[in-house]
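**Student:** sequence plus predicted model, see below.
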Protein chains: 2
Amino acid sequence: MKVAIMGFGVVGSGVAEVIANNADHIRTHSSVALCLSHILDIRDFPGSPFAPYLTKDFNDILNDDETKIVVETMGGVEPAFTFVSACLEKGKHVVTSNKELVAKKGDILLEKARANNVNFLFEASVGGGIPIIRPLSVCLAANRIREIAGILNGTTNFILSKMITDNMDFQTALRLAQDNGYAEKDPTADVEGIDACRKICILASLASGSHIYPDGILTEGISKLTKDDVAYAAKFGCVIKLIARAKALESGQWCVTVSPALVPEDHMLAGVCDVFNACFVRGDMVGDVLLYGRGAGKLATASAVVGDVIDCAQHDKERRTFGWGKAKDGLLCDPMTAPAKLFVRVKTADKAADTAKLNALLPGCDFAESAADDLVFITPEAAEGDLRNAIAPFNAASVIRLF
Amino acid sequence: MKVAIMGFGVVGSGVAEVIANNADHIRTHSSVALCLSHILDIRDFPGSPFAPYLTKDFNDILNDDETKIVVETMGGVEPAFTFVSACLEKGKHVVTSNKELVAKKGDILLEKARANNVNFLFEASVGGGIPIIRPLSVCLAANRIREIAGILNGTTNFILSKMITDNMDFQTALRLAQDNGYAEKDPTADVEGIDACRKICILASLASGSHIYPDGILTEGISKLTKDDVAYAAKFGCVIKLIARAKALESGQWCVTVSPALVPEDHMLAGVCDVFNACFVRGDMVGDVLLYGRGAGKLATASAVVGDVIDCAQHDKERRTFGWGKAKDGLLCDPMTAPAKLFVRVKTADKAADTAKLNALLPGCDFAESAADDLVFITPEAAEGDLRNAIAPFNAASVIRLF
């Protein structure tokens, strides 16, 4: 079975390596013989063992009728969207790891795949090598999904682990991440939660059945977190994680958010450290499920891509019933109307007075022992907007959701 | 799509409920309309809402050409094996939760399914509702699986959790499990590791590609564990879990064992408590993956069964390429030849003398602070048989593998 790869970066070259190195295993175990046909990239790779496959011309792939499966590992929306559309319309299956493409154009590409009786698969787009998409869409298909919550970004989880375990401040931990190749020179997409947002939108689209776009999602990253926040969270028996969350409400609406959150130390998500990721799913029949592993990395992500490729190659007589439909107006609720509890750290010149003022405005807060100029508390549960209004008179240095 | 159920016990009735209660969701989300045709059981269920489907005659299912998917939730090997074989040979898909059937007859039934171009699926047979079989066989298909290790039995994990967290002894914790419906009146199959053994054999068969039978597996349960063992494990920073493990060796052989094991507190498996289960998988490309959730329970297990049913119903033009082949001679290694580290608790009348004797026989042991009449240590790593020989002169009250 001939497989082409579009984009010979980290993941694309990983896919080539997995296909080459594990060919015998794949043939024996999965009864398919995968071989590379073309690798598309505008760059040159002198000395690469895969040089014979390289081409700069997309038409070499499009017009090769023997290549029925195309891997897209270019990243970004264009020209990936144009190339993927052309492949699907030509009756080729497409497997991608491109979360931005799926998050922004998933519904369109899934429809093109359906219309042309081929597969558009993207296990690798969320959680790298961790099985998430297929468990959610196939194994848990009998369930109404009530909630999905994930630590879906390795960069931020590495940084937070260093802040928690090694008492580092954010900037120091970020530099360490960059030195270790866990963060980009421009780390904005990871650190500000944009990457995690794309991923939760993919999962929420799958769970809800309707496309949910990243643009509409209230997203907050980790760049404002301090060592004090981490220390006070510990006093409440919690660790801070960047949590991307999609929750189904009684009303039928979905509440989707990305933000730091206090996670109780005894929750399985609290044990997810460094570059590991995890996705927690609650289904109405199965209860709670956690899927954990390496959320990024060349071979881990390639493993998920090739898993999808093998599935296509084994089952070429019938496409997988899979996907979601168009965005639905009014599907997303305003997170400010959803119930929440907030961790709040207020800078105070008069703790006793501020405590009294707070207790009058918002009874039922749970206070932590804190420095003289810190008033640190967890609010009772109420609509998030109401809580934020109640604490507005105070000089809040940190406001962090509870998971 | 008509679905029959054979066996109207806990799981079978759960399957009927999931199909009935989530019919709308399944129709909307998965584009299939499932309906029950027949429910086979020798018992009567007066007043059951599913009474109209009940039959005592297997031929009602076998001869109903409109029923293309049959669920087997009878348990045990016969008559399940006879009925499942007949269904497969009549061109019906079979979905089962029956771990004993799959562990003992899986290769035969997978071959019958292949020969008759139908599916034989069993996600629910290992880990209840947790997605394990499909992630292992599809998502991770590009990997050579190096190791699988699981907490695969809810009864024993509940008992161990009570021993660890609440300082209970084994018998008290067992009685509590029975009172709560987490253990049978005769708890042997769970407590002695037989249930976990069947499950790891299914996973090891999948990973190795050859049927591995439970009979050949060195299996040890939890009934000999004491509160002292639990307390000393904690001194080494470990918790005791019943670990079912399959490890691929360099030689190509597999080492499969079931026994209590000391698991470091910071390992993800250590956080798996009460009736929750988890399966840890190490693949050569993806690295470490953990799949966690409810390993038993009526609706959780039914969720996995119905997930498989939906998959069959959606994709009826092409069977899933899935399974393993016949048992291979010499595939299993003798665990005594595999490298191991052991936790040992020796009753001693003269600790100093016994310590000196041990250090001469087996240098490099790591000792814990212990009561005057306990000599407690972890051995260095060596072939397990050699370690056991070395400690044979001592009066070992407990010998527990390290994970």
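**Tutor:** Structure received.

**Student:** just the helices in the stretch 201-350 of chain A please.
**Tutor:** A:227-235, A:298-314 (DSSP state H, counting those that start in this stretch).

**Student:** the shortest one packs against which elements?
**Tutor:** For helix A:227-235, the helices and strands in contact under the criterion 3 or more Cβ pairs under 8 Å, 6 or more residues apart in numbering or on different chains; DSSP states H and E are helix A:154-165, strand A:238-248, strand A:342-347, strand A:374-378, strand A:396-402. To be clear about C-beta, it is placed using only N, CA and C from the backbone, and glycine gets the same treatment.

**Student:** if we can go back for a sec, so which of the helices of the stretch 201-350 of chain A is the most packed in?
**Tutor:** helix A:298-314 (a mean of 27; mean count of other Cβ atoms under 10 Å in any protein chain shown).

**Student:** so what secondary structure elements neighbour that one?
**Tutor:** Judged by 3+ Cβ pairs under 8 Å, 6+ apart, helix A:298-314 is in contact with helix A:10-21, helix A:23-30, strand A:67-72, strand A:93-96, strand A:120-121.

**Student:** adding mean pLDDT, mean neighbour count and distance to residue B:144, write these out as CSV.
**Tutor:** Shown next, in CSV, are those (pLDDT from 0 to 100; neighbours: other Cβ atoms under 10 Å in any protein chain shown; distance: least, Cβ to Cβ, whole Å):
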stretch, mean pLDDT, mean neighbour count, distance to residue B:144
helix A:10-21, 96, 22, 9
helix A:23-30, 96, 16, 5
strand A:67-72, 98, 26, 20
strand A:93-96, 98, 28, 20
strand A:120-121, 98, 27, 22
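
**Student:** could the ones you listed go into CSV alongside distance to residue B:155?
**Tutor:** Shown next, in CSV, are the helices and strands packed on helix A:298-314 (distance: least, Cβ to Cβ, whole Å):
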stretch, distance to residue B:155
helix A:10-21, 39
helix A:23-30, 33
strand A:67-72, 44
strand A:93-96, 41
strand A:120-121, 38
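
**Student:** dump the ones you listed into JSON lines; add distance to chain B as well.
**Tutor:** Below are the helices and strands packed on helix A:298-314 laid out as JSON lines (distance: least, Cβ to the nearest Cβ, whole Å):
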{"stretch": "helix A:10-21", "distance to chain B": "5"}
{"stretch": "helix A:23-30", "distance to chain B": "5"}
{"stretch": "strand A:67-72", "distance to chain B": "12"}
{"stretch": "strand A:93-96", "distance to chain B": "11"}
{"stretch": "strand A:120-121", "distance to chain B": "11"}
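
**Student:** for residue B:226, find the nearest of the ones you listed.
**Tutor:** Smallest distance to residue B:226 across the helices and strands packed on helix A:298-314 (Cβ to Cβ): 42.6 Å, for helix A:23-30.

**Student:** ok, and what's touching that closest one?
**Tutor:** Applying Cβ atoms under 8 Å, 6 or more residues apart in numbering or on different chains, the external contacts of helix A:23-30 come out as A:19, A:32-35, A:306, A:310, A:313-314, B:141-144, B:209, B:321.

**Student:** repeat that for 7 Å
**Tutor:** Identification of contacts with helix A:23-30 by Cβ atoms under 7 Å, 6 or more residues apart in numbering or on different chains yields A:32, A:33, A:34, A:310, A:314, B:141, B:142, B:144, B:209, B:321.

**Student:** quick one, it and helix A:298-314 angle?
**Tutor:** If you take axes from the mean of the first three to the mean of the last three Cα atoms, to 10 degrees, helix A:23-30 sits at 50 degrees to helix A:298-314.

**Student:** could you point out which element follows helix A:23-30?
**Tutor:** Later in the chain than helix A:23-30, the nearest helix or strand by DSSP states H and E is strand A:35-40.

**Student:** now the helix or strand just after that following strand: how far from the chain's centre is it?
**Tutor:** Counting by DSSP H and E, the next helix or strand C-terminal to strand A:35-40 is strand A:54-55. Using Cα atoms, centre = their mean, to the nearest Å, the mean C-alpha position of strand A:54-55 is found 31 Å from that of the whole chain.

**Student:** buried ones in the helix or strand encompassing residue A:175?
**Tutor:** Using DSSP H and E, the element containing residue A:175 is helix A:170-179. Neighbour-count burial for helix A:170-179 flags A:170, A:173, A:174, A:176, A:177 (criterion: 16 or more other Cβ atoms under 10 Å in any protein chain shown).

**Student:** between those residues, which is nearest residue A:113?
**Tutor:** The nearest member of the buried residues of helix A:170-179 to residue A:113, counting by Cβ to Cβ, is residue A:177 at 36.1 Å.

**Student:** tell me who's in contact with residue A:290.
**Tutor:** Applying Cβ under 7 Å, 6+ apart, we find residue A:290 in contact with A:268, A:278, A:280, B:292, B:293.

**Student:** make it 10 Å
**Tutor:** A:149-150, A:267-269, A:271-272, A:278-281, B:130, B:268, B:271-272, B:276, B:278, B:290-293 (Cβ atoms under 10 Å, 6 or more residues apart in numbering or on different chains).

**Student:** for it, which non-adjacent residue is closest in space?
**Tutor:** Nearest-residue entry for residue A:290: residue B:292, 4.1 Å, with adjacent residues in sequence omitted and distances by Cβ to Cβ, 6 or more residues apart in numbering or on different chains.

**Student:** quick revisit: make JSON lines out of the helices and strands packed on helix A:227-235 and add mean pLDDT.
**Tutor:** JSON lines is the format used below for the helices and strands packed on helix A:227-235 (pLDDT from 0 to 100):
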{"stretch": "helix A:154-165", "mean pLDDT": "96"}
{"stretch": "strand A:238-248", "mean pLDDT": "98"}
{"stretch": "strand A:342-347", "mean pLDDT": "97"}
{"stretch": "strand A:374-378", "mean pLDDT": "97"}
{"stretch": "strand A:396-402", "mean pLDDT": "97"}
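
**Student:** these: which one's closest to residue B:232?
**Tutor:** Once the helices and strands packed on helix A:227-235 are compared by Cβ to Cβ, helix A:154-165 is nearest, at 26.6 Å.

**Student:** alpha carbons of that closest one, as PDB, please.
**Tutor:** Output in PDB follows, covering the C-alpha atoms of helix A:154-165 (Å, rounded to 0.1, in the frame of the first residue of the first chain):
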ATOM      1  CA  GLY A 154       3.300  19.200  26.900                       C
ATOM      2  CA  THR A 155       5.100  22.600  27.000                       C
ATOM      3  CA  THR A 156       2.900  24.100  29.700                       C
ATOM      4  CA  ASN A 157       2.700  20.900  31.700                       C
ATOM      5  CA  PHE A 158       6.500  20.700  31.800                       C
ATOM      6  CA  ILE A 159       6.700  24.300  32.900                       C
ATOM      7  CA  LEU A 160       4.000  23.800  35.600                       C
ATOM      8  CA  SER A 161       5.800  20.600  36.800                       C
ATOM      9  CA  LYS A 162       9.000  22.500  37.300                       C
ATOM     10  CA  MET A 163       7.100  25.300  39.200                       C
ATOM     11  CA  ILE A 164       5.400  22.800  41.400                       C
ATOM     12  CA  THR A 165       8.200  20.300  42.100                       C
END
